[in-house]
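In: structural data only, the sequence is not supplied:
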């Protein structure tokens with residue numbers, strides 16, 4: 001049974017609700033803050049002492065149709081170590097605010113991962129086998 005006392009003050013309830021909303025928003029800022037702009041043309045270079053087919057230079061063009069999501073698409077064009085030109089489509093996503101992964105649509109078992117910082121990135125190509133396996137191929141991206 002409730003004891004007699006003053007009724008709850010609506011302005012205090014609004015203040016408490018606003019405070020709770022601010023605390024929840026601040027604690028989830030990594031989920032609600034906009035992701036960095038990734039759209040545009042990037043210079044793409046891969047070097048590998050182990051896999052000659054991974055030695056390549058070219059460009060990737062990233063299209064970010066909806067910057068509210070972590071996903072992006074794009075295209076690539078590069079020349080391999082033998083001088084052959086290859087091009088196609090790519091798809092990818094942010095892993096964290098400063099890390100991305102992407103893969104070429106026609107290369108099902110290779111994934112690129114890179115950390116981004118100030119218009120450039122560095123990372124590696126991984127193989128998708130029964131486990132996520134390193135290739136040792138180093139990649140760089142520059143705007």
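Out: Structure's in. What do you need? Bear in mind that the values here come from a model prediction, so they are computed numbers and not experimental data.
In: for the residue most central in space within the chain, give its distance to residue 117.
Out: Central residue of the chain (Cα atoms, centre = their mean): residue 94, 1.7 Å from the mean position. Using Cβ to Cβ, to the nearest Å, residue 94 is found at 14 Å from residue 117. Glycine gets a C-beta too; all of them are placed from N, C-alpha and C.
In: same question for residue 87.
Out: Counting by Cβ to Cβ - residue 87 and residue 117 are separated by 27 Å.
In: circling back: could I get the pLDDT score of the residue nearest to the centre of the chain?
Out: Note on residue 94: pLDDT of 95.
In: same thing with the one 5 residues further on?
Out: The predicted structure scores residue 99 at 95 on the pLDDT scale.
In: so what's it bridging to?
Out: Beta-bridge partners for residue 99, by DSSP bridges, are residue 96, residue 115.
In: pretty sure it is touching residue 112, no?
Out: No. The pair residue 99 / residue 112 is not scored as a contact, 11.2 Å apart, by Cβ atoms under 8 Å.
In: the more surrounded of these two?
Out: residue 112 (24 against 14; other Cβ atoms under 10 Å).
In: that'll do, ta.
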